[in-house]
Structures are given as C-alpha cells and as structure tokens.
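# Mind folding the following:
(one chain, ligands or ions: 1)
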Amino acid sequence: MDITFSNIKLSDPRELSIPYWQLKQGQHWAIFETQNKVGASIADLLCGELMPQQGNIDAGKRHIEQVSLQSLQRLLDHEDANDDTDFLDRIDYGRTVHTLVYEHAQNERVAEQLLQDLNLIPLRERGIKQLSTGESRRLMIAIAISKAPDLLVLHDPFSGLDIHHRKLLSEYLYSLSIHIQMIVITSRQDEIPRWIDQVALFNGGTLDQVLSFVEWQNHPVIAHLKAQSAEQSQHWLTLIRKHKQQHQFNDPLVSITDGKVEYVDQTIFTNVNWQIKRGEHWQIRGPNGCGKSTLLGLIFGDHPQCYSNDIQIYGMQRGSGETVWDIKKHTGMVSSALHAQYKVNCSALEVLLSGFYDSIGLYDNPSKRQIQTANEWLTILHLQHLAQQGFKSFEYSQQRLLLIARAIIKQPCLLIVDEPYQGLDFLGRQLVMNTLDMIAQENLSQLLYVSHHKEDTLPSIEYFADFEYRPQQACYSLVIHQAQKSPLI
Ligand SMILES: Nc1ncnc2c1ncn2[C@@H]1O[C@H](COP(=O)(O)OP(=O)(O)OP(=O)(O)O)[C@@H](O)[C@H]1O
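The predicted model follows:
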C-alpha cells in the first residue's frame, strides 16, 4: 500500500507543510535536509509519535520504525526512568545491548545475526548508557530492524560512525533495501545511497521538489546554501567579536601525563601524554569507542577518573582542592552526552543564559548585559519570537543550535566541540563549521574538536591527537601530529 500525506501542517517551533505527497509501495526515498529540519517531524508523524495540526497521513497498517537521535533520546529517557542504581550495589547503566536486541527479535538466530551484522558482539554485555556515540547508533539500527518493520525511517543513519562502520553500514543497508522499504533522511550529499529512487527537497519547511537521483546530483541547492551560510556566519562572528574575552593563562593550558582510563572489563587507553599550549587548536581523531569523548570528559571534569589521572588545567592540578566549576568557568562544551543530559525544560532564553553559569537549567539571576547578549544570540538563530518556548518542545536540531550558542556565549578559553553537527541540517552545519573555523582563526577560543567526517576538517586546526590501537596492550594510545603548512608559492 502507498503512503499518502495530504494537507499536512505543523507550526512553531517545528515547521512543516506538505500539500500532497505519495510514497509508492516499495519505493526508497531520501529527504535532503537543506534548512529548517523537517526529517524529525516526518519520522515522528509516520511513527505516530506526533499528530499533525492539520491534514492527514494514510499509511494503512504499515509497521514503521525509525532510527534517529530523538528515538535514542526517548530510549535513554526510558532507561533513566527505570534506573535502579539506588537499589543495586553498582551503577545501573541501563539494559544491555544483548537484552535490547533480543527483546523484539523473532528468534535467537535473528538476534545473533543482527549483533553480528552491526558489529555489536564485543559490546553485548554493555549497558546502553555506557555506549559511545557510534556504538549507540549501531545499537539503535539493530533494535529497529529487530522489530521487523515494513518501512524503516533512517534519520542520519551514518551520523557518529567512523569510516569503517560507515562503509559496513552502507553495504548492509544496500542488502536490506532488497526486502525493506526505506526513507533515508540526511544533510550530507554523499550519504544519499545510490539505490534511492526519489529525493524530496523542502524549502522553508514546505515540500518543494521531488527529484530522481540523477536530477538531485545536478541540483544547484548546495552551492546556494554554501553562499547563504558564508553570509550568515559573518553575523555570528560579528556578535562573537563584540563580546570578545581575554584569557590570561600560562602555558600549557592543559597537560595530561601518562593518562589512563580503565573499566572493570577493559582498558580504553593508556600512556596518553598531551599538552595543549596557548593558541593551539586541536582535532581529536580515532575510531568509534577509542576514547575521544572520554579524554575530553577528563579535561572538562565530568569523567570520574579525572581525579586518578595526572591532569593540569588552567594552572590547577586536578584533585588539589579545585572544583569542577573552576574548570567549567573557562570551558564551553557541546556533545551528545551534554545534549542528552539537558533534560530541564527551561525556555530557549534560559538555555542560553545557563551558558554563563555552566548549569543545566538556570538557577542564578542573570545581569541585564547577559540577558541582552542572550537575546542577540536568539536573533541570529532566528528564534527571537520563541524566546519563552520550552527547550523540550524544540526540534532536535534547534536544540542543538541553542546548545552550541550556549557553549560559545561566555567566550570560553577552551571550546570543546565533540561531534557538534549531530542532528543539524546542511545550512546549520555549514554555519557552525564556518563559525568554528573563524573562532579558531581569530583565536577567540581554543578549539578541541571531534568529527569523523573528512569534509568537516577545519582549515584553522593544525594539531591532531590521533588514537591508535596498541595490540600488545589491547587498548588505544595517543599519537600527536602537526599539520604541514603548505609552502608559500
Ligand atoms: N562504564 C563503562 N564500562 C565499560 N566501558 C565503558 C564504560 N563507559 C564507557 N565505556 C566504553 O568506553 C569506550 C570509549 O567511549 P567514548 O565515548 O570515549 O568513545 P569515542 O571515541 O568518543 O567514540 P565515538 O566515536 O563512537 O563517539 C566505548 O567503547 C564505551 O563503550
């Protein structure tokens, strides 16, 4: 049976308008997210998580599943609601990979095959809350397929995956496309699979064009969006320059000596020796699960093992009586973990203001100047009219942009951006990427940056901390590289 959208409308803070759209039985679709994210709303409408304010969707009795950042967030919320840490003699990390994949799988053979196909066997006994970004993405795909859907909506399926797992998933989805109808929603051009039949383009939230794969490849929208983002990022930078802060720390800003993180069942990395000097911008690279976020958590002060390591930051030796707030005061952070923790339903304005206090939610009285700066940020994010709207009611990418602005607002000395583009549309990603690059170029903050995508490399970053696997120690270690500047001709 075909799926038909008729006269669909959603408004503030989401925006979606689909006068008429038919997805024929068996046809594979891609939705390319240019600007105004629509994918999350479409996925939620199809899966019955959201009701249209107007119009209707006829999907018959189709069993539709989605894989998306919001479906992961819902599962994590569910695990938090059932957290048994208080009744156990250990931390409750949520249900294990094994339990979650077995829960809906038809039989053991299907479950084991899924664990194998998505490279989840080594993670079988790990709780969902322990998983890294790429690991949890693979788990969410396995869970969705274990429910044997007729239609699978994959929102940014490759997001957070390293190169090896992106290749594996791409081959896996191709084999799956023979049996299951799919809608792939993405904001990256190279992530539209070749087996897609039709591409839907939205303009300002409205379904604008339906294209064949070949028509899509020659479409001018990308060039147009790049020009638009270059112009808009100048507005961001003007605002950042206006509130420029001076930081007076001595070298090195951060120093880790013989860093090590280990858990009961495995060591993640050892022998990490790393110094971040003034003016240096770093990209941290390495495969899923190698410890990038863990290392950044040691610096930011969120990771429990930061006290058992020899870490100096901003001239303070960790564990010498300083508080986590002494560190956070000079540090901005964007990451999926922080996004997941930001559960407080304060207003958009309060989210931005909370950046001045490093809090999740706002518990202080902001000054007039801080309120004015936060309002200026809302204006350049085009969210001024939604200043009082609750954070939770925003779509994931709008939330992410608010959290990025929250991290930048106080102009921290160190800006930790751990896969910042997760959930953003094409324009949003370009905008944030241009802005981060200009922040680094002008040394407005020092970047510690993580992204798995080659095209996200920021030209201003010259230092690379690469995790490499050490088979003898069965864990990772860090290797430092400095980019060769191309000789002037
Ligand atoms: N409490 C724990 N016990 C055992 N392993 C854990 C625990 N917490 C995290 N891990 C594991 O530590 C590893 C490192 O996680 P981390 O999030 O730092 O990886 P990452 O390099 O950022 O990966 P990604 O590229 O997927 O984001 C992962 O394999 C994760 O499953």
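
# switch to C-alpha atoms for all contacts and neighbour counts from now on
Fine.

# Okay, strands next: where are they in the stretch 351-489 of the chain?
Ranges of strands in the stretch 351-489 of the chain, per DSSP state E, counting those that start in this stretch, are 414-418, 446-450, 463-470, 475-482.

# Which neighbouring elements make contact with the second one?
Put plainly, it is strand 446-450. Here strand 446-450 touches strand 282-285, strand 414-418, helix 426-441, going by 3 or more C-alpha pairs under 8 Å, 6 or more residues apart in numbering; DSSP states H and E.

# again, but for the last one
Taking 3+ C-alpha pairs under 8 Å, 6+ apart as contact, the helices and strands that strand 475-482 lies on are strand 267-276, strand 463-470.

# Rebuild the strands of the stretch 351-489 of the chain as CSV, extending it with mean pLDDT.
Listed next are these as CSV, based on pLDDT from 0 to 100:
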stretch, mean pLDDT
strand 414-418, 96
strand 446-450, 96
strand 463-470, 96
strand 475-482, 93
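
# Reformat these as a markdown table; add distance to residue 294.
Putting the strands of the stretch 351-489 of the chain into a markdown table (distance: least, C-alpha to C-alpha, whole Å) gives the following:
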| stretch | distance to residue 294 |
| --- | --- |
| strand 414-418 | 11 |
| strand 446-450 | 12 |
| strand 463-470 | 12 |
| strand 475-482 | 12 |
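
# could the ones you listed be laid out in TSV, adding mean neighbour count and distance to residue 261?
Formatted as TSV, those follow (neighbours: other C-alpha atoms under 10 Å; distance: least, C-alpha to C-alpha, whole Å):
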stretch	mean neighbour count	distance to residue 261
strand 414-418	25	18
strand 446-450	24	19
strand 463-470	18	13
strand 475-482	18	10
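
# Could you name the helices and strands sitting against the longest helix along the chain?
Counting by DSSP state H, the longest helix found in the chain is helix 221-242. Using 3+ C-alpha pairs under 8 Å, 6+ apart as the contact criterion, the elements in contact with helix 221-242 are helix 368-380, helix 426-441.

# check contacts around the residue nearest to the spatial centre of the chain.
Computing the C-alpha centroid of the chain and ranking residues by C-alpha atoms, centre = their mean puts residue 422 first, at 2.7 Å. If a contact means C-alpha atoms under 8 Å, 6 or more residues apart in numbering, then residue 422 has 159, 160, 336, 397, 400 as its contacts.

# Specify the local secondary structure of the residue nearest to the second one when sequence neighbours are not counted.
Beyond its immediate neighbours in the sequence, the residue positioned closest to residue 160 (C-alpha to C-alpha, 6 or more residues apart in numbering) is residue 134, lying 4.8 Å away. Secondary structure of residue 134, reduced to three states by DSSP: H, G, I helix; E, B strand; the rest coil: helix.

# where does residue 134 land on pLDDT?
For residue 134, the model assigns a pLDDT of 95.

# Does it touch residue 291 like I think?
No - under the criterion of C-alpha atoms under 8 Å, residue 134 makes no contact with residue 291, lying 11.5 Å away.

# These two - which one has more neighbours?
With other C-alpha atoms under 10 Å as the criterion, residue 134 and residue 291 differ in neighbour count, and residue 291 comes out ahead with 23 against 19.

# Check the gap between the residue nearest to residue 160 and the ligand for me.
For residue 134, the distance to the ligand under the criterion C-alpha to the nearest ligand atom, to the nearest Å works out to 3 Å.

# what's near enough to touch that residue?
The contact partners of residue 134, by C-alpha under 8 Å, 6+ apart, come to 159, 160, 161, 162, 288, 289.

# what ranges do the strands span in the stretch 51-200 of the chain?
54-58, 64-67, 151-155, 181-186, 198-203.

# Neighbouring strands - and their directions - for the second one?
So that's strand 64-67. strand 151-155 (parallel) (DSSP bridges).

# and the chain, which residues reach the ligand?
For the chain, the residues found near the ligand under the criterion C-alpha under 6 Å from any ligand atom are 130-135, 263, 268, 287-294.
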